[in-house]
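S.K.: Provide a 3D model corresponding to the input given below.
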Amino acid sequence: MQDEDTQHAELRLLDRLRSRDPSALTILDALYRSSLLGFARRLAGEHGAAEDAVQEALLALWTHPPELRERGNLRAWLVTTTRHALYRRRLKDQRAALPEDLVELGAAAGWGDPQLGQKVEATLARRDCLEHALLRLPIDDREILGLVDIEELSLDETATALGIGLAATKSRLHRARLKLLAAVRKEQCHAG
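M.R.: Sure thing, here's the model as predicted:
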């Protein structure tokens, strides 16, 4: 969530964008490009598509600056616009399917294993293992994990960005976290 000063600064920059001040776009690009690229790479799985989606979002910002005075913030708007750009490019993930049933997901994630905490901690110590496991997930799961756990959007902001209700957001996040844990276990990589 943003503090009030950040929101006011964004609104001033948006006003400058509406006045066609290119320096406002330069400032916003510097503020958000890195975060947007990270988000887009996690969804797309590759740099080129991520760059294209971020560029499309920034172009949309320049050509049609959003009205955000009443609700939302610019970062959430940019994430949503980047996400839509990726979907329009049909970057659907065809990677290994993981079980959908919650009981199967729980078993695949290792629920009931008394050593689970130690095993997960050791496994997560290796970033490459986690990144590979994350890329095995379907795009919808990478997306919600990226928004909540990596970009640190609130559940309300995430629900708005995804265009779904809060309850659906919570449910999707829970399933995605289980799938990630199952994928990490399947990778069977351990800190060495």
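S.K.: pLDDT-wise, which helix or strand of this protein ranks last?
M.R.: Within the chain, no helix or strand scores below helix 116-124, which has a mean of 69 by mean pLDDT, DSSP states H and E.
S.K.: and the helix or strand following that helix, what's buried?
M.R.: As assigned by DSSP states H and E, the chain's next helix or strand after helix 116-124 is helix 127-135. Within helix 127-135, the residues scored as buried using 16 or more other CB atoms under 10 Å are 129-130, 133-134. Where C-beta positions appear, they are placed from N, C-alpha and C, glycine not excepted.
S.K.: so can I have JSON lines of these showing distance to residue 169?
M.R.: Converted to JSON lines, the buried residues of helix 127-135 look like this (distance: CB to CB, whole Å):
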{"residue": "129", "distance to residue 169": "27"}
{"residue": "130", "distance to residue 169": "22"}
{"residue": "133", "distance to residue 169": "22"}
{"residue": "134", "distance to residue 169": "19"}
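S.K.: including distance to residue 170 and pLDDT, could these go into a markdown table?
M.R.: Shown next, in a markdown table, are the buried residues of helix 127-135 (distance: CB to CB, whole Å; pLDDT from 0 to 100):
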| residue | distance to residue 170 | pLDDT |
| --- | --- | --- |
| 129 | 27 | 79 |
| 130 | 22 | 80 |
| 133 | 22 | 85 |
| 134 | 20 | 87 |
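S.K.: spatially central residue in the chain, please.
M.R.: Nearest to the geometric centre of the chain sits residue 146, at 2.7 Å (CA atoms, centre = their mean).
S.K.: which residues does that one contact?
M.R.: 38-39, 42-43 (CB atoms under 8 Å, 6 or more residues apart in numbering).
S.K.: can you pick the most crowded of these?
M.R.: Most neighbours among the contacts of residue 146, by other CB atoms under 10 Å: residue 39, with 26 neighbours.
S.K.: now do the buried residues in the helix or strand containing that one.
M.R.: Remark: residue 39 resides in helix 22-44, with elements defined by DSSP H and E. Across helix 22-44, burial judged by 16+ other CB under 10 Å covers 24-25, 28-29, 31-33, 35-37, 39-44.
S.K.: check the gap between residue 187 and residue 81 for me.
M.R.: For residue 187, the distance to residue 81 equals 32 Å [CB to CB, to the nearest Å].
S.K.: mind checking how far the host helix or strand of residue 5 is from the chain centre?
M.R.: Here residue 5, judged by DSSP H and E, is contained in helix 4-18. For helix 4-18, the separation from the chain centroid amounts to 23 Å (computed by CA atoms, centre = their mean, to the nearest Å).
S.K.: what does the average pLDDT come to for it?
M.R.: Helix 4-18 carries an average pLDDT of 82.
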